[in-house]
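Q: This is the structure alone, sequence omitted:
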């Protein structure tokens, strides 16, 4: 059963919609990939478990800028 993440905020990312489900061979189950919009306006695709665990909180552009400050 997929957890509906639409509209939820994770760090700088807001979940827009589900993109697809991909097969995770290690776990032998499907994982949902979500389209998220960063506060900077960039859209990025992220696996739901990465959002919920806090591993991904912003788009790659913002992460690079944050690391280089």
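A: Yep, it's here. As the structure is a computational prediction, the values presented were derived from the model and not from experiment.
Q: All the helices of the chain, residue numbers only.
A: Shown for the chain, the helices assigned by DSSP state H span residues 48-53, 60-67.
Q: do you know which of those helices lies nearest residue 39?
A: With CB to CB as the measure, helix 60-67 is the member of the helices of the chain nearest residue 39 (7.6 Å). Where you see a C-beta, it was placed from the backbone N, CA and C, and this is true even at glycine.
Q: Please point out which parts of that closest one sit buried.
A: residue 62 (16 or more other CB atoms under 10 Å).
Q: With stretch 34-52 instead?
A: Within stretch 34-52, the residues scored as buried using 16+ other CB under 10 Å are 34-38, 44, 46-48, 51.
Q: What part of the chain, helix or strand, is modelled with the least confidence?
A: Between all helices and strands in the chain, the lowest mean by mean pLDDT, DSSP states H and E belongs to strand 13-24, at a mean of 81.
Q: is the residue positioned nearest the centre of the chain in a bridge, and if so with what?
A: For the chain, residue 46 is the residue whose C-alpha lies nearest the centre (CA atoms, centre = their mean; 3.0 Å). Judged by DSSP bridges, the bridge partners of residue 46 are residue 34.
Q: State the distance from the residue sitting furthest away from the middle of the chain to residue 57.
A: When distances to the mean C-alpha position of the chain are computed (CA atoms, centre = their mean), the maximum falls on residue 69, with 23.4 Å. For residue 69, the distance to residue 57 (CB to CB, to the nearest Å) stands at 16 Å.
Q: and the helices of the chain as JSON lines, adding mean pLDDT?
A: Shown next, in JSON lines, are the helices of the chain (pLDDT from 0 to 100):
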{"stretch": "helix 48-53", "mean pLDDT": "91"}
{"stretch": "helix 60-67", "mean pLDDT": "91"}
